[in-house]
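In: Turn this into a model:
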Amino acid sequence: MKRIFPVLLTLALTPLVACATHEATAPADAQIVPASMDTTITDTPRRSADGHSKGAFFTKYDVDGDGHVTQAEFTAERAKGYRRRDADGDGYVQSEEYVSEYEIRLIEQLEDQRKRQIDQADFRFTVLDKDEDGNLSLDEFHASGERMFSTLDSNRDGIVDELDSKDNY
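Out: Numbers count the residues shown, from 1 in each chain. All right, here's what the predicted structure looks like:
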């Protein structure tokens, strides 16, 4: 997996490069900078959209965390979001800029999720490798499966089915 990730990341970034170099909407002398490289707006971290609930609204717009969102606070945060999307700084957000900002944010989220999942897999391996020799034997692998099966087989009849009361292991 460690060898294939750079290839996958390159494939994921390819559409961004295509957007940044699209000649039909960007003038030849315009340089489109990915939103993650925007150095003009550094005082507030970019936040992902968490839906359209009031709670998500507060998460995104209650910058000072006081439990209130004033019109001024809301407008200022919206303006920062607009400037972040306006990668070439021309005062307008083209489709490529708008989508690119989202793609970059998504790639960052996926990389964070990937890192957490890899760390978790590494931790699980250390737990499964009972003799700590750096190798997972078939017996060690089966031992974890037996614990899983016996936990789910709560009525101890040798079958995991709807009669068992455990929903997770």
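In: Touching, Glu140 and Asp133? I think so.
Out: No: contact criterion CB atoms under 8 Å: Glu140 and Asp133 do not qualify, at 9.5 Å. Heads up, the C-betas are built off the backbone N, CA and C, glycines and all.
In: Comparing those two, which residue is more hemmed in?
Out: Glu140 (16 against 9; other CB atoms under 10 Å).
In: Mind listing what's buried along the helix or strand where the more buried one lies?
Out: Counting by DSSP states H and E, the element that carries Glu140 is helix 138-152. Residues of helix 138-152 classed as buried: 140, 152 (neighbour count, 16 or more other CB atoms under 10 Å).
In: same thing with stretch 82-95?
Out: By neighbour count on 16+ other CB under 10 Å, the buried set for stretch 82-95 is 83-88, 93-94.
In: what is the mean pLDDT for it?
Out: Averaging pLDDT along stretch 82-95 gives 95.
In: Stretch 153-160 too?
Out: Stretch 153-160 shows a mean pLDDT of 95.
In: hmm, back to that, in a markdown table: the buried residues of stretch 82-95, plus secondary structure and distance to Asp161.
Out: Formatted as a markdown table, the buried residues of stretch 82-95 follow (DSSP: H, G, I helix; E, B strand; the rest coil; distance: CB to CB, whole Å):
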| residue | secondary structure | distance to Asp161 |
| --- | --- | --- |
| Arg83 | helix | 57 |
| Arg84 | helix | 52 |
| Arg85 | helix | 52 |
| Asp86 | coil | 57 |
| Ala87 | coil | 55 |
| Asp88 | coil | 60 |
| Val93 | coil | 55 |
| Gln94 | coil | 56 |
